[in-house]
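Asker: need coordinates for the following:
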Amino acid sequence: MDILLLILGLALILGGANFLTDGSAAVAKRFRVPEFIIGLTVIAVGTSTPELVVSVLSAIAGKSDVAIGNVVGSNIFNVFVIVGICALIRPLPLSSGNIRRDIPFGMFGSLLLFIVACDRMLGLGDADRIGRVEGICMFLLYVWLMIYSVRHIERPAVSASRDVPDAEPPVRLWLAAVMIVGGLAALVGGGELFLDSATHIARRLGVSESVIAITLVAGGTSLPELASSVVSLVKGRAEMALGNVLGSNIANILLILGVSATIHPLSLGGITIVDIAMVVLSSVVLFVAAFTFRRKAIDRIEGAAFLVVYIAYIVYLLSK
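Answerer: Prediction:
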């Protein structure tokens with residue numbers, strides 16, 4: 001039964017990603033909003049719903065390490081696995097805005113997480129925790145960043161003649177909205193089915209709870225991002241795929257941890273400084289990759305390197 005649910009969850013994820021990508025692209029075209037911004041906001045927040053649910057419920061239940069670990073693991077997975085896989089499929093082009101604004105925003109969020117979480121190492125306190133005031137500040141910073149990003153993005157040029165028909169027939173706005181909502185619902189529901197069934201299978205095989213948390217929880221809640229990014233890339237919308245990853249990582253730290261810490265202060269618990277440092281490393285290598293070979297793109301070699309780093313990190317965790 002678990003295997004059937006696993007397959008059903010995967011089917012929902014793929015179908016939901018397809019609807020979400022097409023509906024979001026239709027909205028972007030209708031309002032002349034760059035696809036990157038749709039990926040950075042609508043898709044990124046929508047596909048981060050599983051992380052939001054898991055972290056907020058964990059915070060309410062007092063399981064701080066689960067709330068933080070979910071975000072930390074998801075951010076590491078997003079960069080090293082999702083960007084790695086996407087770059088292997090097709091090199092990811094980077095705009096000047098990505099390099100000057102979006103990737104630095106992600107690096108700033110990662111460094112901020114390191115500062116607010118590693119109190120003892122930085123001499124800022126006796127316990128490693130994210131307090132309620134810090135959580136509120138993180139949430140407000142996220143709101144400001146989204147407003148700034150939307151206001152400082154260049155809109156696509158308007159066609160010289162409004163009488164010239166589009167290459168593709170337009171999708172009605174109400175239908176696009178249904179596709180977005182339905183796609184998100186399928187992604188979240190499919191992700192839950194996939195995660196639950198995979199967890200049950202792992203337990204039956206005798207895999208420990210810590211291994212399940214390290215591999216399946218973070219990877220499972222990131223399945224919507226993986227599916228939507230890959231489908232966007234295959235459909236020729238690389239900007240939407242990259243915007244989804246960058247936006248999800250920013251939302252995970254500033255929005256999800258901000259809201260969770262506001263509800264209940266978060267202690268690191270079993271999450272180590274090495275894990276937090278890996279989040280910082282992921283943003284740094286993404287920044288470095290943007291400038292290698294002067295191509296302004298993340299190519300297949302870099303994508304393969306990202307996957308190798310992630311595998312090495314998992315091996316390190318399992319060997320402790």
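Asker: from here on, contacts and neighbour counts on C-alpha atoms
Answerer: Will do.
Asker: neighbouring contacts of stretch 261-271?
Answerer: Contact with stretch 261-271 is made by 56, 59-60, 62, 64-65, 67-69, 117, 127-136, 260, as judged by CA atoms under 8 Å, 6 or more residues apart in numbering.
Asker: where in the stretch 201-320 of the chain is pLDDT low?
Answerer: 201-202, 205, 207-218, 221, 240, 292-295, 320 (pLDDT under 70).
Asker: ok, which stretches of it are helices?
Answerer: Ranges of helices in the stretch 201-320 of the chain, per DSSP state H, counting those that start in this stretch, are 209-212, 218-221, 223-234, 238-250, 257-263, 273-289, 300-319.
Asker: next one: the stretch 1-150 of the chain
Answerer: Ranges of helices within the stretch 1-150 of the chain are 2-30, 35-38, 44-47, 49-60, 64-77, 84-89, 96-97, 103-117, 119-122, 132-151, based on DSSP H, counting those that start in this stretch.
Asker: turn the helices of the stretch 201-320 of the chain into a markdown table, including distance to D102 and mean neighbour count.
Answerer: Output for those, formatted as a markdown table (distance: least, CA to CA, whole Å; neighbours: other CA atoms under 10 Å):
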| stretch | distance to D102 | mean neighbour count |
| --- | --- | --- |
| helix 209-212 | 32 | 14 |
| helix 218-221 | 23 | 26 |
| helix 223-234 | 17 | 26 |
| helix 238-250 | 7 | 28 |
| helix 257-263 | 19 | 26 |
| helix 273-289 | 10 | 19 |
| helix 300-319 | 19 | 16 |
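Asker: nearest to F31, of these?
Answerer: Closest to F31 of the helices of the stretch 201-320 of the chain is helix 238-250 (CA to CA; 15.5 Å).
Asker: that closest one vs helix 64-77, what angle?
Answerer: Helix 238-250 and helix 64-77 are oriented at 160 degrees to each other (axes from the mean of the first three to the mean of the last three CA atoms, to 10 degrees).
Asker: what's helix 238-250 packed up against?
Answerer: Where contact means 3 or more CA pairs under 8 Å, 6 or more residues apart in numbering; DSSP states H and E, helix 238-250 is packed against helix 35-38, helix 44-47, helix 64-77, strand 92-93, helix 103-117, helix 223-234.
Asker: can I get the ones you listed in JSON lines with distance to P265?
Answerer: JSON lines is the format used below for these (distance: least, CA to CA, whole Å):
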{"stretch": "helix 35-38", "distance to P265": "31"}
{"stretch": "helix 44-47", "distance to P265": "22"}
{"stretch": "helix 64-77", "distance to P265": "8"}
{"stretch": "strand 92-93", "distance to P265": "38"}
{"stretch": "helix 103-117", "distance to P265": "11"}
{"stretch": "helix 223-234", "distance to P265": "27"}
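Asker: can you measure across stretch 80-96, start residue to end residue?
Answerer: When the termini of stretch 80-96 are compared using CA to CA, to the nearest Å, they are 22 Å apart.
Asker: residues of it that come out buried?
Answerer: For stretch 80-96, the buried set under the neighbour-count rule, 16 or more other CA atoms under 10 Å, comprises 80-88, 90-94.
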